[in-house]
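> Kindly generate the corresponding structure for this input.
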Amino acid sequence: MKIMAVDFGDSRTGLAVCDKSEFLASPAGVIEEKDFEKCIEKVAAAAKENAAEEIVVGYPKNMNNTIGERAQKCALFAEKLAELVDVPVKLWDERSTTVSAHYYLNQTNTRGKKRKAVVDAVAATIILESYLGFRKNTN
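Below is the predicted model:
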């Protein structure tokens with residue numbers, strides 16, 4: 001199944017998709033949009049463009065497993081996105097993915113403007129890889 005992951009942000013939203021075999025997760029770009037509703041519309045359009053059969057939205061719970069303001073906003077984002085697409089939209093725990101993305105970018109010595117442009121897509125890819133690992137181990 002082709003799955004798209006979303007790392008929602010107030011300014012930049014990262015996207016990643018996997019192949020039909022669910023083997024390879026790849027960055028699919030960054031949507032630069034500060035308007036909440038327009039961002040949802042652009043993500044819905046990207047899902048259709050990528051023929052996504054399922055969408056996973058990063059859900060940044062606090063480290064103590066509580067739901068903070070950011071997680072609430074991501075849940076609302078997922079809820080509104082589900083109204084615009086004809087595929088399932090799920091929340092997926094994304095604690096520390098942005099930290100991991102920065103670590104990977106440090107390893108590849110990606111700096112400056114280039115780093116800013118890709119960090120959200122890398123975070124979305126990490127979310128997707130985590131979700132794919134879960135699916136592989138539970139099916």
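
> Am I right that D86 sits in a strand?
No - under DSSP: H, G, I helix; E, B strand; the rest coil, D86 sits outside any strand and is assigned coil.

> Can you get me a residue count around it?
For D86, the tally of surrounding residues (other C-beta atoms under 10 Å) stands at 9. Using the backbone N, CA and C atoms, a C-beta is placed for each residue, glycine as well.

> Quick check, pLDDT for it.
With respect to pLDDT, D86 has a value of 96.

> just V43 next, same as before
Looking at V43, its pLDDT reads 98.

> Could you verify my assumption that A47 touches V87?
Yes - contact status for A47 versus V87: in contact at 6.9 Å, counting by C-beta atoms under 8 Å.

> what about these two, which has more around it?
A47 (25 against 18).

> show me the contacts for that one.
Contacts for A47 (C-beta atoms under 8 Å, 6 or more residues apart in numbering) come out as M4, I55, V85, V87.

> looking at these, which has the most residues close by?
M4 (28 neighbours).

> Excluding chain neighbours, what is closest to it?
Nearest residue to M4 in three dimensions, chain neighbours excluded: A52, at 3.8 Å (C-beta to C-beta, 6 or more residues apart in numbering).

> Checking that neighbour next. Helix, strand or coil?
coil.

> How many residues are close by it?
Using other C-beta under 10 Å, A52 is surrounded by 26 other residues.

> Lovely, talk soon.
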